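Colleague: Here is my input; please provide its structure:
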Amino acid sequence: MANRTAGRAQARRPGGRNARVRAQILAATAELVARDGIAGFRYEEVAERAGVHKTSVYRNWPDREELVVDSLLRYAEDLASVADTGDLHRDLADFLMGIAGGLETPFGRTLEQALQPAAQSPAVQQAVSRILEHRVSALRQRVDTAVDRGELPPVDSSFLGEMISGPVHLVVNRGTRPFTRADAERIVGVVLAGIRATAPHA
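Modeller: Have a look, this model is predicted:
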């Protein structure tokens, strides 16, 4: 009986302690890279912020660049999701609000650091490319669905993504005011209206 209980407890905690330690280290790395840049953080600071011994950091990531890459990939999912509620305008506005919120998190600031050319070693550049490709792929799927439903004329989803997401980065990085839902609604409205107005007519 005791063994079965222990087994159930183990099942409720997939990965166990090491998985928790790794998650703490990756979160701490994202925060420190956001603050100090990719070249500026130290293993000792990661360990202190994560609340673990520095040997835990060395053991899991003997290469500091691998640690940066893993921290980028670990926190990428929130910036890549695009819902499908059946309302394209709403889904794209939600997407922009997600990007704006993400850019204000430690991960978002880390990603912005990684986008700077001087910061991009080949491994980091590859990780950033994977993150951006994942975001483009999620948006492409939503846009293609909208085209199939007749909500949009055929359109280059990458171009649409650049048109709607560019202003988000501009407003957030400028830092003079928050990015609002009204901003998201206006951007999506203007871009979708432009795409529909300029589509070739049969």
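Colleague: which intervals of this protein have sub-threshold pLDDT?
Modeller: 1-15, 77-80, 113-120, 201-202 (pLDDT under 70).
Colleague: all helices in it, in order from the N-terminus.
Modeller: 2-12, 16-36, 43-50, 54-60, 64-74, 88-103, 106-114, 122-149, 157-174, 181-198 (DSSP state H).
Colleague: What I need now is those helices written out in CSV, including distance to residue 81 and mean neighbour count for each item.
Modeller: All C-beta spots, glycine's among them, are computed from the backbone N, C-alpha and C. Output for the helices of the chain, formatted as CSV (distance: least, Cβ to Cβ, whole Å; neighbours: other Cβ atoms under 10 Å):
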stretch, distance to residue 81, mean neighbour count
helix 2-12, 26, 8
helix 16-36, 18, 18
helix 43-50, 26, 18
helix 54-60, 27, 16
helix 64-74, 15, 20
helix 88-103, 7, 19
helix 106-114, 14, 21
helix 122-149, 6, 16
helix 157-174, 14, 16
helix 181-198, 15, 15
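Colleague: doesn't residue 169 make contact with residue 179?
Modeller: No. Using Cβ atoms under 8 Å, residue 179 makes no contact with residue 169, being 9.5 Å away.
Colleague: Other residues contacting stretch 46-65?
Modeller: 21-22, 24-25, 27-29, 31-32, 41, 43-44, 67, 70, 121, 123-124 (Cβ atoms under 8 Å, 6 or more residues apart in numbering).
Colleague: can you do 7 Å?
Modeller: Identification of contacts with stretch 46-65 by Cβ atoms under 7 Å, 6 or more residues apart in numbering yields 21-22, 24-25, 28-29, 31-32, 43-44, 67, 70, 121, 123-124.
Colleague: quick one: which of the residues you listed is nearest residue 107?
Modeller: Ranked by distance to residue 107 (Cβ to Cβ), the contacts of stretch 46-65 are led by residue 31 at 8.8 Å.
Colleague: Let me see the domain layout of the protein.
Modeller: The chain breaks down into these domains under automatic domain parsing: 2-63, 77-198.
Colleague: Start and end of stretch 72-91, how far apart?
Modeller: Chord length of stretch 72-91, first to last residue, is 25 Å (Cα to Cα, to the nearest Å).
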